[in-house]
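Visitor: This is a predicted model, with the sequence first.
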Amino acid sequence: MPARDSDYSASDSDSDAPLPSSSRAVAASSSRGAAAGASAAAAPAGAARGTRGAVAAGAKAKKKGKGKDAGYAWEATFKRSWDAVREDGEGGLEATVRGMLEAGKRRRTRPPAYAVQRGIIRHLVLVLDLSESMSERDLRPNRHALSLQYAREFVTEYFDQNPIGQLGIIATRDGIAERLGLLGGNVVDHLAALSNARRLEPKGEPSLQNALEMARSSLAHLPASSSREILVLFGSLTTCDPSNIHTTIDTLAEERIRVSMVCLAAEVKVCKTVTVRTGGTFAVALNEGHLRDVLFQSVAPPEILAPKRNPAQAEDAAPDGGDLLCMAFPLRLPAAAPASLCACHGRIKSGTAFVCPRCEAKVCDVPTDCPICGMTIVLSTHLARSYHHLFPTPYYAPVEWDDLDAAEDVSPTCHGCSTPFAIDTPAARAAAVSSENVSPTGRYACEACGEHFCIECDTFVHETLHVCPGCA
Ligand SMILES: [Zn+2]
Ligand SMILES: [Zn+2]
Ligand SMILES: [Zn+2]
Ligand SMILES: [Zn+2]
């Protein structure tokens, strides 16, 4: 039997070894355009799936071991995920599982380590890959269904968090790009475009260059005061482009259009290059949950990319006060108003509509740019809802047992939902979760008002409410 065991392990490592190199070949060839793309597409689908972990892990290892010779991921010792799990005194796993869940929630509410400037007027084009590779079933039920579902959730969440932002949707398949939704602020139109499953059937090869060019053409005319972003959800390992994609990348970088990419299969060199050159983010989805996490990172406005300035000039210049922007609050027409011509669709319409205060053109929906005079028309509620990105809710810091003992007169219940907190007993201390940024006491104290909140209230306040109930 020992002989068989070693046979098994030897063949196992043999079969693993060539995979990453083959995937590197695929990744490298994809940047060379259509002809190379076709040969790479012929590689068995199994190989692509098998290399996903290795390539993603390889990228991580490379990042960690910057500067020194870190070697390849498949040369490192295998880290077992179950080593991190520890049983409590009675052999249960409850505390560990709770700790992992809480750590996940806290990761989302953590503030950036430094002050950032964010633009609340966003223009984002969502690019969906609808190529043959999206029918792969490595993400359940398949990449296509899952990415459409997440795209719908993303659109809803995007407009919830960025009410004065605009969004457009572009799909790429059969070597061309198609416009699914025009750049605009109407959630219903976008959701309808993403729900028509028959229209969105995956086929052929994607064309990253065509999609980026189309997205660029819908963003290029916008003023520099608004953020211009492209978010690509890419499943294929190849791209079928009409000309040199690096010219497109150079133009995007020049026009300061930020491209972020989420790859479903593996890290592809040309995808990474686009994001690095344009200042976007790049991620490879490891599983269904991770895909949702990396996609939803684009819901919050990104930091503003400051134009590179001469340091000597910067000292003389006044500190950045930002540009002033012209905006108008429209007049709302009641539902009973007589039918009249709308400027956005060019049709006679009745029902609720809005009137631009500058040129008195009628528009059907706000927020929008007036089609006649170009004025940005928003409601005051839209502005108020965008405000929290500029003035973030105070951070809730975890409270340690010792802090609790030192403090006098602490509330026994959560300030938000009145759930009683754990009482300081040896048993409670033993059962407590001890992981980074997670409170062992279950209490999180607001930095501004000092009130204590539970983890559920912490998540709700920072992700949905955006106002601290203690400070308000
Ligand atoms: Zn209209
Ligand atoms: Zn107008
Ligand atoms: Zn609570
Ligand atoms: Zn507070």
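Guide: In hand now; what should we look at? Ligands and ions are numbered 1, 2, ... in the order given.

Visitor: okay, now Gln161: neighbour count?
Guide: When neighbours are defined as other CB atoms under 10 Å, Gln161 has 21 of them. (Each C-beta comes from the backbone N, C-alpha and C, glycine too.)

Visitor: Could you pull up the contacting residues of whatever residue of the stretch 1-150 of the chain ends up closest to ligand 1?
Guide: Distances between the stretch 1-150 of the chain and ligand 1 by CB to the ion are smallest at His123, namely 19.9 Å. Contacts for His123 were tallied using CB atoms under 8 Å, 6 or more residues apart in numbering; they are Gly165, Gln166, Leu167, Gly168, Leu183, Leu219, Leu222, Ser226, Ser227, Arg228, Glu229.

Visitor: And the residues you listed, which is closest to Pro330?
Guide: Gln166 (16.3 Å; CB to CB).

Visitor: Distance of the closest one relative to Val259?
Guide: To Val259, Gln166 is 17 Å away according to CB to CB, to the nearest Å.

Visitor: just Leu200 next, same as before
Guide: From Leu200 over to Val259 (counting by CB to CB), the distance is 22 Å.

Visitor: what domains does the record give for this protein?
Guide: Taking automatic domain parsing as the domain assignment, the ranges for the chain are 1-64+119-301, 327-389, 396-465.

Visitor: Ligand 4 is nearest to which of those?
Guide: Nearest to ligand 4 among those is domain 396-465; the distance by CB to the ion comes to 3.1 Å.

Visitor: how far does the closest one stretch from start to finish?
Guide: Distance across domain 396-465, first residue to last, is 14 Å (CA to CA, to the nearest Å).

Visitor: One more: stretch 191-206?
Guide: Stretch 191-206 end-to-end distance (CA to CA) = 22 Å.

Visitor: So which of Gln166 and Val259 has more stuff around it?
Guide: Val259 (29 against 24).

Visitor: Assign a three-state SS to that one, would you?
Guide: strand (DSSP: H, G, I helix; E, B strand; the rest coil).

Visitor: what do you get for Gly92?
Guide: Here Gly92 is coil, with the state taken from three-state DSSP.

Visitor: now His221
Guide: Three-state assignment for His221 (three-state DSSP): coil.

Visitor: all helices for the stretch 101-250 of the chain, in order.
Guide: Taking DSSP state H, counting those that start in this stretch, the helices of the stretch 101-250 of the chain run over residues 143-161, 187-195, 208-219, 245-254.

Visitor: Would you mind listing the buried residues in the longest one?
Guide: Think helix 143-161. Across helix 143-161, burial judged by 16 or more other CB atoms under 10 Å covers 143-144, 146-148, 150-155, 157-159, 161.

Visitor: was I right about Pro440 contacting Leu404?
Guide: No - checked against CB atoms under 8 Å, the pair Pro440 and Leu404 is beyond contact range at 9.6 Å.

Visitor: related to what we said a few turns ago, among the buried residues of helix 143-161, which one has the lowest pLDDT?
Guide: Looking at those by pLDDT, the weakest one is Gln161, with 86.

Visitor: quick one: that one and Val299 touch, right?
Guide: Yes - using CB under 8 Å, Gln161 is in contact with Val299, at 5.2 Å.

Visitor: What number of neighbouring residues does Ala76 come out with?
Guide: Ala76 has 13 nearby residues by other CB under 10 Å.
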